[in-house]
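Peer 1: Task: produce atomic coordinates for the following.
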Amino acid sequence: MSDRTTGELLHATDEVPDAFIALVRDALAHLYDYAHLQRHPLAVLVGPPAPNHDVARALRNLMLDTLEQLDPGSHVSRNDREWRPYGILTHRYVDGYEIDDIVTELRTSLRQFQRDHRKGLLAMASILWPRWQAVCRDADREDATDAPVDAHIGAPTAAYAGLHSEMEPLGLAVTKLELSTLLDGVLAPAKAMAQEYDVWVDVCLSKDVTTVWADPALAKQAALAAMSTLIAGRPATLAVGSRTTPEQVALILRPEPPLQHDQPLLLGEVNRRLEAVTELLTVQGGWLEVGSDSQCVHEIALRFRRAEGIPVLVVDDNERVLQLFERYLIPEGYQVTAVTDGHAALDAAARETPAVIVLDVMMRTMDGWELLQRMRSDPALDDVPIIVCSVLNEPELAEALGACYYLKKPVTQQQMVAALREVLLAPGPADGHRAERGDSDLARRE
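Peer 2: Numbering: from 1, shown residues only. Below is the predicted model:
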């Protein structure tokens, strides 16, 4: 965090290189594109991928936290020039407003918008620049990656080395891929190796496994490398399964019994072999988790983003809100149907059978309260969880009418995703869309 005041940041000089300011702008412009953030040069600011550390989410949170440092506070009017850089960046990159709409709302000129936009970007870059320089100094001292250096900004131009340079000429072809199809392409060579090592491969995928976002070639190499790593440890059985949540599908590899230190493949060697797997997954938006302790490896999880998201119906008569909620939910793996009135909502709900409904209250023709009651009186929708999302503060009324959760606008992406996870994971009637509870902590109401 910078020690300078908001005013000092907004009047920063051009001591920060333009190339670095461009990186900051690019990261802001892709706040809801996790695959892009996963490979972004600024990802070095949040550390390398690791178990329980999602680089894309960490970078997104860093950008949002940095932006919030520009907020001059509630005592400053939105008409004040000190607020405009913060407001412009928030409207443009967080809320997704068009430039013309921002100019109209702030009652300013396009030229003044451009000046304040540049001022805000420079202020954010000024906060992040010392952190970038510190990362560069650490990299120079350790001299561990031999990463290329950009002469314009004096820092690594890529977060990954080694295998990344091998993959780059191949390009990246992320597409929808059935996990079972991925496994079919891996099992034959894996079982051939397992036979040589006297290891039994037991495959049992969960019934709700669906499609994932992956590069077929890279995903196959990642899965095969992970399986061969464990097979080389000579467990009696390698159990291959899957685990599904609302946002992701994991290919689970479990050696039985777990790999111990005194087995032929030591834990250190396992970790070294899995570095390539981590990189193969990272470039396609996935990540690797290793379940281990000081004595053994229990399981390896290759995690992919779900391509067929859980169907969510969002009802709001404000097109901007619908677009914002789509940007919130689609990168998280949800399949969003957005409608602007109650009658269209009833038609969509009957046609598509959503797993959850997000409902605004203040709408014309048919308001949210009436729509909520009509949905709750429909036997086909009686078990569908409904989240009321409104500027009004009426959680008791919403609950009395059958809503299971209440969100007060404005809503952040974190709040929206946490609410969806809670209602989807809550105990209730069997539903093919409901996720297993697993080991994750549920997000709770504020």
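Peer 1: Average pLDDT for the lengthiest strand in the chain, rounded please.
Peer 2: In the chain, taking DSSP state E as the definition, the longest strand is strand 296-306. Per-residue pLDDT values over strand 296-306 give a mean of 88.
Peer 1: Mind listing the strands that strand pairs with, and their directions?
Peer 2: strand 211-214 (antiparallel), strand 248-256 (antiparallel), strand 259-260 (antiparallel), strand 287-292 (antiparallel) (DSSP bridges).
Peer 1: Can you name every helix or strand that whichever helix or strand comes after that strand contacts?
Peer 2: Using DSSP states H and E, the next helix or strand after strand 296-306 towards the C-terminus is strand 311-315. Here strand 311-315 touches helix 319-329, strand 335-339, helix 342-352, strand 356-359, going by 3 or more Cβ pairs under 8 Å, 6 or more residues apart in numbering; DSSP states H and E. In this view, the C-beta of every residue, glycine as well, is placed from N, C-alpha and C.
Peer 1: just the CA coordinates of strand 311-315, formatted as PDB?
Peer 2: Below are the C-alpha coordinates for strand 311-315, written out as PDB (Å, rounded to 0.1, in the frame of the first residue of the first chain):
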ATOM      1  CA  PRO A 311     -28.300 -22.100 -15.100                       C
ATOM      2  CA  VAL A 312     -29.100 -18.900 -13.300                       C
ATOM      3  CA  LEU A 313     -32.100 -16.700 -14.200                       C
ATOM      4  CA  VAL A 314     -31.500 -13.000 -13.500                       C
ATOM      5  CA  VAL A 315     -34.500 -10.700 -13.500                       C
END
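Peer 1: how far off helix 319-329 does that strand point, in degrees?
Peer 2: 160 degrees (axes from the mean of the first three to the mean of the last three Cα atoms, to 10 degrees).
Peer 1: Would you mark the buried spots in the longest helix seen in the chain?
Peer 2: Longest among the helix segments of the chain by residue count, using DSSP state H, is helix 110-142. Under the neighbour-count criterion of 16 or more other Cβ atoms under 10 Å, helix 110-142 has 113, 115-117, 119-129, 131-132, 135-136, 139 buried.
Peer 1: What residues does residue 131 make contact with?
Peer 2: By Cβ atoms under 8 Å, 6 or more residues apart in numbering, residue 131 lies in contact with residue 45.
Peer 1: Residue 36 versus that one, what's the distance?
Peer 2: Residue 131 sits at a distance of 20 Å from residue 36 (criterion: Cβ to Cβ, to the nearest Å).
Peer 1: what's the answer for residue 274, then?
Peer 2: 25 Å.
Peer 1: the more surrounded of those two?
Peer 2: Set residue 274 next to residue 36 and count neighbours by other Cβ atoms under 10 Å: residue 274 wins out with 20 against 17.
Peer 1: orientation of the helix or strand containing that one relative to strand 287-292 in degrees?
Peer 2: Using DSSP H and E, the element containing residue 274 is helix 267-282. Orientation check (the same axes, to 10 degrees): helix 267-282 against strand 287-292 gives 160 degrees.
Peer 1: Send me helix 267-282 as PDB with only the CA atoms.
Peer 2: Extracted as PDB, the C-alpha positions of helix 267-282 are listed here (Å, rounded to 0.1, in the frame of the first residue of the first chain):
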ATOM      1  CA  LEU A 267       8.000 -36.500  -2.200                       C
ATOM      2  CA  GLY A 268      10.600 -34.000  -3.500                       C
ATOM      3  CA  GLU A 269      10.700 -35.800  -6.800                       C
ATOM      4  CA  VAL A 270       6.900 -35.700  -7.000                       C
ATOM      5  CA  ASN A 271       6.900 -31.900  -6.500                       C
ATOM      6  CA  ARG A 272       9.600 -31.500  -9.200                       C
ATOM      7  CA  ARG A 273       7.600 -33.500 -11.700                       C
ATOM      8  CA  LEU A 274       4.400 -31.600 -10.900                       C
ATOM      9  CA  GLU A 275       5.900 -28.200 -11.700                       C
ATOM     10  CA  ALA A 276       5.300 -29.000 -15.400                       C
ATOM     11  CA  VAL A 277       1.700 -30.000 -14.700                       C
ATOM     12  CA  THR A 278       1.100 -26.800 -12.900                       C
ATOM     13  CA  GLU A 279       2.400 -24.800 -15.800                       C
ATOM     14  CA  LEU A 280       0.400 -26.800 -18.300                       C
ATOM     15  CA  LEU A 281      -2.800 -26.100 -16.300                       C
ATOM     16  CA  THR A 282      -2.100 -22.500 -15.600                       C
END
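Peer 1: Now find how far off-centre that helix is within its chain.
Peer 2: Here the centre of helix 267-282 is set off from its chain's centre by 22 Å, with Cα atoms, centre = their mean, to the nearest Å.
Peer 1: Sort out which residues of it are buried, please.
Peer 2: Under the neighbour-count criterion of 16+ other Cβ under 10 Å, helix 267-282 has 267, 270, 273, 274, 276, 277, 278, 279, 280, 281, 282 buried.
Peer 1: what does stretch 308-315 give?
Peer 2: 309, 310, 311, 312, 313, 314, 315.
Peer 1: Quick check: the gap between residue 245 and residue 420.
Peer 2: Per Cβ to Cβ, residue 245 is found 11 Å from residue 420.
Peer 1: more crowded one of those two?
Peer 2: residue 420 (25 against 19).
Peer 1: just the buried residues of stretch 308-315 now: which is nearest residue 403?
Peer 2: Set against residue 403, the nearest of the buried residues of stretch 308-315 by Cβ to Cβ is residue 315 (12.4 Å).
Peer 1: Name the nearest residue to that closest one, sequence neighbours excluded.
Peer 2: residue 345 (4.3 Å; Cβ to Cβ, 6 or more residues apart in numbering).
Peer 1: what's the neighbour count on the one you found?
Peer 2: For residue 345, the count of nearby residues is 27 (other Cβ under 10 Å).
Peer 1: residue contacts, it?
Peer 2: So residue 345 contacts 313, 315, 339, 357, 359, 371 (Cβ under 8 Å, 6+ apart).
Peer 1: what sits against the second one?
Peer 2: Taking Cβ under 8 Å, 6+ apart as the criterion, residue 315 is in contact with 339, 340, 341, 342, 345, 357, 358, 359, 360, 363, 368, 371.
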